[in-house]
Structure formats: structure tokens, C-alpha cells
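[1] what follows is a predicted structure for the sequence shown.
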Amino acid sequence: MLVLGISLSAVGFLTAQQYFKSGEQQEFERQAAHYIQTVVNSVQIYEEYVLDLAHEFEGSTPLDRWQFNDYAGPRLKRNQGLLALAWIPFVSAGRRGEFEEKAHDDGLPGFRIREQGETGGLIDAGLRDFYLPVYYALPFDQDREFLGVDLYSLDEFRSALEAAGEGGHPVVIPWSQHGNSRPASTEFQIIRPVYDSTGSADIGAPRKQRLKGFVAGALKLDTIIESVVDELTTPAWLDIYVYRRQESVDTDLLLFRPSEMRAEQADPLSRAKIADGLFNRQSFAIGDMDLTVVVKPVDTKYSFESSILPYWVGSFGLLLTLFTAYSLAATQNRARVIEQTVTERTTALSDANISLHNEILERQRAEMEMRRAKDQAEVANRAKSEFLAMVSHELRTPLNAIIGFSDIMSQEVFGPVTNKKYKGYVGDISKSGNHLLGLINNILDLSKVESGRFGLSEQTVSLSDGISETLRLVSELAKAGDVYMDYTEPRDLPDLRGDKQAIRQILLNLLSNAIKFTEPNGHVRIDANLDRSGQLVLAIEDTGIGIPEESIDSIFEPFTQVDSSLSRQFEGTGLGLPLTRSLVELHDGSVDLESSLGKGTKVTVIFPRDRVVNATTH
């Protein structure tokens, strides 16, 4: 026993030592990965400033000087790592004079397209096929003398401009001013081409023929890194290296920021020493320049041998061994008592298991009965729907004849109806027949939906036209009830993809209900618009009698009304709202009802974004 305990203690010591080392490594990997990703994201955000500015110039109406200043000024002020932004338009030789005069009118008196002379000074540019002068630039005071300089005439810019213009991608070069590179190796500029993407451009033409110009932005990498370090809670034991990467190899060391623990010994380590031990790295790109960020902890941060945790584990194992040996004797004495107790409780548990088994069988039988009852209910529901559909079809044929003959008599097609009472009776027959036909149609449609036989005939439907036509249909009903209809047709209301008849049935049901249940001198308001997520929202709100809160959930059940007396007062059957919700759900939409008793009701229908067509983005 003692030999086994000592062996296990030794194993525990070694395991704890290895576990402690693995845990420290995982903690470093987690912190380093988060820190590197934050640095990469911050650098790429600065690149996005340049790319976003290029998008502004790609439209049919490019930015003027003031719009450029409004875009560039705040970003330069907020971000110290963004040194400058500039717009370099493409100017053909034939447009040079016109371009220079436009610059004079644009607040740049004396503006000329210039180039660098043999002595290094700026002179008027010679005759060439085209020019790429700096036209807009911020900071203005710093880059004033650089305005008008044809960058294509400068050797260090020419190859970069050609590569960007023909390749269609951003190019990165060292940041220079008047042709002279600044000494700091962490300052770069991104040159991004801008092409004509309007309808007047020949999209099939080579990129060079569609070139409108270039956007340039200067970045200071060390300032960007410092701003990230200042904002993050940076570990005091983490060194940061940034390399330029060429052909999958980290070559030039662009930036080294030592940790606080190594501030006095600020010499960067060689790549071989960095790779020896813990480190983390991630490569990313700015334009066509590949960079690698490497973080490495200082040597004193992870000294696994100095931890006393493994020794505690080994000591605890030895103490546990002694305690176990002492306890074993006492345990053997108690074993006999426990064995007897276990025998007694096993017998009791066996009896309990038999009772539990019987209870499970009873529950299984009950579940089978419930499942059988559910299946029977579903069969009965399908039979009900099929019966309603069959009866509705059979009733429509004679009912159409009754309505048709009553209309012929009402219009006196075959001669006048001399008795006024007969005329009234004929009108009552026609009105009642149409009311019954509408009820049968609703029952038929609802039964089709419930039985899954209602197929949508999808097409592009104008919701605006549907609302207008439905308002005309219910105008007489509104006029008879002295109800004011409030609807202002919105501008640019998009169309819907759906069943035209179903959508008009939805509108007719909702508007008819709103008018029927609104007292005289009340009003019904119709609103239709797109919400922020692109869904089409139709809202119909009335000032009618309203619905009690406890009845709202049941109002969508077929043949249900809040008060049965309402069916007599308002000639309702309780089918309008259930059918409406079913038709909306067939279009993947939803219906929401808000109501307050005595104050009115608001029904909101929402059609999903994928059913909206011809939507205009505001």
C-alpha cells in the first residue's frame, strides 16, 4: 500500500509540473492571439479609410474640395497614425488647360501642373499624353507646395501608379514628400486606383481607359501600434515585432516595441531567438504589402521550474497515502455493518423498482391513448375541412343562379317590375345572396388553407394599387357608416411577390372589419412602408369598439367573435381574421393585433424582406 502511494505521489508531481507548464502556454497563446488580432484590425481600419475615400470618387458625382475636406479632415484629426489623404485625378493632355482653369475657380489661384526639374525644383510640366497631379490634399498647410505636382513624372511613384492602375488593386510604397523619402521606415502610403463605374463608361474596356485617378493615404505604422498599446491593457512582459514579409519570408524588421520588463535592454532579438521558446505570429496584408506581427514573452515570465505547485502535489500525495493506510483498518471494521445494511436496502430497492416498472407501463399506455386520440382529432379535422369545401362548392352553383336572376330582375332586363315591394324583395335577395356567397368563399378558402390545398399563384403585386382598389370597393360601406378613411399613398412603395387575389382578400377583410366595427364619425387609418430591416409593414388602425385584452388571443379562431351579439349587430361570422392570418402566413408573413376596449384596434401585417421587390434604398 505504501509503495503504491509513494509511486502515485511521484506520478502526481510530474503530472502537475507538466500541467502547470501547459496551462501557462495556453494562457500566453490566448492573450497573444487577442493582442495580435487587435493590432491587425486597427491597422486594417486605417487602410479602410483610404479605400472608402476611393469609393466616394467612383460614383457619377465625385467629391468636390469641400466634401473631400469634410471626409478627410475629421479622420486625420481623430487618428494620429493617418498622416495625409490626397486625390490625384487623371488629366489628359487635351484637358490640361481646362483643368488648370477649373482649379483657379476652385480656390487655387496660380495652380499649374508641375514636375521636378533637373535641379530638384518644381517647374511647369512638359507636354505628355496625360498627367496625374495632386489636386486635393490634407493637411493643406503641410502639402500646399505639393499641389499640382505630376506624380507620374516622379520615378518613385511611376511604377507604383502603373501597377495600381493596370492591376486594379492598392499598391503600398514608402511615404515620400516632393520625391524625397522620409527617414522613418514605418511610414507608408497606399495608392488605390479609381475607375469610372457609371453607365457612360465602357465596362469592357481595359482598366487604363476607364481610369479616373488615384486616392493616396499616408500611414505611420508605429503611431498606429502605439495607439493600440495605449488603449489596451498590454501585458508588461510582451515584446512586439513587425516584419515586412516577401515571398513567404519575414525580411525587414519595420518596428520593435520592447516590453516594460525589457525597457532598459531594448535591443530586438534575432529571428532565431524569437523562434526558440514561446511566441505567436500572424501575417496580414495592407494593399500589396505583406506584414507579420510577432509577440514574444520575456524569459522571466514563464519559468516553469520555479513553481512550487508540483511540490505541493507530491507532498499532498504522501500525506494522503499515510491517511489512507490509517483509514483502511477502520474501513474494514465498518464493512461488515455496511454489508448488512446494503442487503436490507437492496431488498427495499427491488420492491421499489417493481412499483416503478408498473408505473412506467401505465404511463406508456396513457401516452398511446393520447396519441391515438390526437390522430383521430386530426382525421376529424381533415374530414371537416373536406366537408366544408364540398358543401361550399355545392352551394355556390345554385347561389350564383339566385344572385344572377335577382340582378336581372333588379336591372329589369326583361321588363319593369311594377310593384315596389317586389323591387325591395329582389334587392334583399341580391344583398343576402352576395353576403352568403362571401361567407361560402371565406369558408372554402379557409378549408383549403387548413387542408394544405391552397396554392399561391405568385406574381409581382402592386400593394399601392391593391390598397387603392380596395378603398374604392369599401367606399360605399364607409360612406354608409359615416366613417372617414385616412390614407396617404407613400412614395416609392415597393411591390410584393405573392398571390394577387390573396393579398387583395387580406386588404378587403381588414378594411371591411375596421369599417364595420367603427362607430359613425370615426375614422380608419391605413399606413404602408418599409421598416429598417427591409420588411414591408401594412398597418390598419380604427377608432372602433375595440377588443378586450383577454379576448385578443381567441379572435383569430374560426367562427369566433368577442361577443356573440356582435354577429347579429354587425353581420359577422368570425372568419375574416382567421382567413387573413392564414393567407398572410402562406406568404411567410405575420399578423399582430393591438386593441383597447372602447378605443379602437390596430392590425399590423408584416411581409418578409425576401417578398419585397423594387425596394428603393433611402
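    Structure's in. What do you need? Residues are numbered from 1 along each chain as shown.

[2] in three-state terms, label the residue at the greatest distance from the centre of the chain for me.
    The outermost residue of the chain relative to its centre, with distances by CA atoms, centre = their mean, is T418 at 70.5 Å. Following DSSP: H, G, I helix; E, B strand; the rest coil, T418 is assigned to coil.

[3] any idea whether F214 is helix, strand or coil?
    On the three-state scheme (three-state DSSP), F214 is labelled strand.

[4] that one contacts L161, correct?
    Yes - judged on CB atoms under 8 Å, F214 makes contact with L161 at a distance of 6.5 Å. Just so you know, the C-beta spots here come from the backbone N, C-alpha and C atoms, and that holds for glycine as well.

[5] between these two, point out the one with more neighbours.
    Ranked by neighbour count (other CB atoms under 10 Å), F214 and L161 place F214 first, with 28 against 22.

[6] quick check: which element contains the nearest residue to that one once chain neighbours are set aside?
    Spatial nearest neighbour of F214, chain neighbours left out: I88 (4.4 Å); criterion: CB to CB, 6 or more residues apart in numbering. Secondary structure assigned from DSSP states H and E places I88 in strand 82-89.

[7] now the element after that strand, going C-ward?
    strand 91-92.

[8] how much space separates the residue farthest from the centre of the chain from E412?
    10 Å (CB to CB, to the nearest Å).

[9] what do F214 and L161 both touch?
    L132, I191 (CB atoms under 8 Å, 6 or more residues apart in numbering).

[10] got the contact list for I408?
    So I408 contacts F414 (CB under 8 Å, 6+ apart).

[11] neighbours of F57, just the number please.
    By the criterion of other CB under 10 Å, F57 has 21 neighbours.

[12] now for the protein, the helix or strand with the poorest mean pLDDT.
    Least confident element among the helices and strands of the chain, by mean pLDDT, DSSP states H and E: strand 180-181 (a mean of 46).

[13] what angle sits between the helix or strand following that strand and strand 82-89?
    The helix or strand immediately downstream of strand 180-181 is strand 187-195, counting by DSSP H and E. Angular relation of strand 187-195 and strand 82-89 on a 0 to 180 degree scale: 30 degrees, by axes from the mean of the first three to the mean of the last three CA atoms, to 10 degrees.

[14] strand 187-195 packs against which elements?
    helix 2-58, helix 155-167, strand 171-174, strand 211-220 (3 or more CB pairs under 8 Å, 6 or more residues apart in numbering; DSSP states H and E).

[15] need the least confident one among the ones you listed, by mean pLDDT.
    Lowest mean pLDDT within the helices and strands packed on strand 187-195: helix 2-58, at a mean of 75.

[16] and the next element down the chain from that helix?
    helix 65-78.

[17] contacts for that next one, please.
    With CB under 8 Å, 6+ apart as the criterion, helix 65-78 contacts 49, 53, 56, 63, 82-85, 87, 106-107, 136, 138-139.

[18] let me have the residues you listed in TSV, adding distance to Q535 as columns.
    As requested, those are exported to TSV (distance: CB to CB, whole Å):
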residue	distance to Q535
Y49	33
L53	33
E56	30
L63	34
L82	38
L83	44
A84	44
L85	38
W87	39
D106	45
G107	46
Y136	41
L138	41
P139	45
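
[19] can I have the buried ones of those residues as a ChimeraX selection?
    In ChimeraX syntax, the buried subset of these is picked out as below (16 or more other CB atoms under 10 Å):
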select :49,53,56,63,82,83,84,85,87,136,138
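
[20] and of the contacts of helix 65-78, the nearest to I547?
    Taking CB to CB as the measure, I547 lies nearest E56 of the contacts of helix 65-78, at 52.4 Å.

[21] V50 is in contact with that closest one, correct?
    No - counting by CB under 8 Å, E56 sits too far from V50 to count as a contact (11.0 Å).

[22] residue ranges of the helices in this protein, please?
    2-58, 65-78, 96-105, 140-143, 155-167, 221-231, 271-275, 309-410, 420-451, 463-481, 500-516, 564-570, 576-586 (DSSP state H).

[23] follow-up on the earlier one: tell me who's in contact with the residue nearest to F214.
    L132, P133, V134, Y135, L151, G213, F214, V215, A216.

[24] what about it, distance to K212?
    In terms of CB to CB, I88 sits 10 Å off from K212.

[25] and what of T292?
    Counting by CB to CB, the gap from T292 to K212 is 34 Å.

[26] again with A380
    72 Å.

[27] so which of those two has more stuff around it?
    Taking other CB under 10 Å, A380 and K212 do not tie; K212 has more neighbours (18 against 10).

[28] you'd agree the more buried one is up against V194?
    Yes - here K212 reaches V194: they are 4.7 Å apart, a contact under CB under 8 Å.

[29] hey, what's in contact with both of those two?
    F57, E58.

[30] distance check, the most centrally placed residue in the chain against M261.
    With distances taken as CA atoms, centre = their mean, S533 lies nearest the centre of the chain, 8.9 Å away. With distances taken as CB to CB, S533 is found 50 Å from M261.

[31] then T397?
    For T397, the distance to M261 - CB to CB - is 94 Å.

[32] in terms of neighbours, single out the busier of the two.
    Comparing T397 with M261 by other CB under 10 Å, the one with more neighbours is M261, at 17 against 8.

[33] that one touches D239, doesn't it?
    No - using CB under 8 Å, M261 makes no contact with D239, being 9.1 Å away.

[34] what residues are shared contacts of the two?
    Both M261 and D239 are contacted by V298, under the criterion CB under 8 Å, 6+ apart.

[35] span of stretch 137-152 from start to end?
    Taking CA to CA, to the nearest Å, stretch 137-152 runs 17 Å from one end to the other.

[36] what does it rub up against?
    With CB under 8 Å, 6+ apart, stretch 137-152 has contacts from 68-69, 72-73, 76, 84-88, 103, 108, 111-116, 122, 125, 128, 130-135, 157-158, 161, 177-178.

[37] which of these are buried?
    68-69, 72, 76, 84-88, 103, 108, 111-116, 122, 125, 131-135, 157, 161.

[38] domain assignment for the protein?
    2-42+236-299, 45-228, 320-454, 459-613 (automatic domain parsing).

[39] neighbours of L583, how many?
    For L583, using other CB under 10 Å, the count is 25.

[40] next one: E367
    If we define neighbours as other CB under 10 Å, then E367 has 10 of them.

[41] I173 now?
    For I173, using other CB under 10 Å, the count is 21.

[42] quick check: it touching F157?
    Yes - judged on CB under 8 Å, I173 makes contact with F157 at a distance of 7.5 Å.
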